[in-house]
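Enquirer: 3D model of this:
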Amino acid sequence: MGIFAKWRGSSGDLRSRAELTERVRVALPPLFEAVGEALAAGHPAVEACWVVRRTQAELGSSLGECLEGLRATTQLVARRDPLFEETHALSLAWSESILGYLHGLSCADPLTGLSTHAHIRERIGELYRDAIADRVSHSHALVVTDAGGPTDPVSVARRLTLVGQAARSVFSGTETIGQIGASRVVVVTPRSDSLPNRVSLLRRMVTEQADRVWIEGLPDTDASAVHLLDELARG
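Expert: Here you go, the predicted model:
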């Protein structure tokens, strides 16, 4: 019910109109109540499919099980097979959840080869743990590239891959280069007199793929650095 309540809170118009009989509600597949109520209200269940399918994936359900649950729900409530939009939302949400899980297990994104957000955070944490004489805020910085443009997964992966390749050619030492958020590439690099020139070179190399390239200073504490990365990821 917590999942269902979360979804209902973002769709107040459905909350007052959706009505299921207790017999139908009990017969619904697990976690499909939000889908059933959307259908009972006479709406396509796209939004509910998105939320419920992400939850199913996180619980370990296969895509086949999710599709079977959707079909059983639409037949029970609406006497029809799922619409294309509903099946598409279910499949996309499930696959994104699974990819997110796999990315969390790996140090690198399988599509772009860039380090994951989690790996970047771990690398920065190491810098703070190893800092003795100089604070990390004095010794290291982040170079952030915002790869704007179309948001379809293929276009985003292509832009991030190209930006990552350019970043590796400019920062070819021990720097950590990874992705945060939907479309940003971050380089964790030591500060040096040559850093501004390197950033200028990277900016020229990614003109067609990126909206902006800049240097982001690191804060004095590890906890603040984690918050900074999260803010950049949401940016």
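Enquirer: so which bits of stretch 30-49 are buried?
Expert: Across stretch 30-49, burial judged by 16 or more other C-beta atoms under 10 Å covers 31-41, 43-49. For the C-beta atoms, the positions are set from N, CA and C on the backbone; glycine is no exception.
Enquirer: quick one: end-to-end length of that stretch, please.
Expert: 13 Å (C-alpha to C-alpha, to the nearest Å).
Enquirer: report the distance from it to the chain centre.
Expert: 24 Å (C-alpha atoms, centre = their mean, to the nearest Å).
Enquirer: what of stretch 75-93?
Expert: That offset, for stretch 75-93, works out to 24 Å (C-alpha atoms, centre = their mean).
Enquirer: contacts for it?
Expert: Contacts to stretch 75-93, defined as C-beta atoms under 8 Å, 6 or more residues apart in numbering, come from residues 20, 24, 27-28, 35-36, 39-40, 44-47, 49-54, 57, 63, 66-67, 70-71, 74.
Enquirer: which parts of that stretch are buried?
Expert: The neighbour-count check on stretch 75-93 (16+ other C-beta under 10 Å) flags Leu76, Val77, Ala78, Pro82, Leu83, Glu86, Thr87, Ala89, Leu90, Ser91, Ala93 as buried.
Enquirer: in strands only, show me these.
Expert: Assignment to strands by DSSP state E places none of the buried residues of stretch 75-93 there.
Enquirer: which of those residues sits closest to Ala182?
Expert: Ala93 (15.4 Å; C-beta to C-beta).
Enquirer: gap between that closest one and His138?
Expert: When distance is defined by C-beta to C-beta, to the nearest Å, Ala93 is 43 Å away from His138.
Enquirer: before we move on, what about Ser155?
Expert: Distance, Ser155 to His138, by C-beta to C-beta: 38 Å.
Enquirer: Gly173 - how many residues pack around it?
Expert: Per other C-beta atoms under 10 Å, the neighbour tally for Gly173 reads 6.
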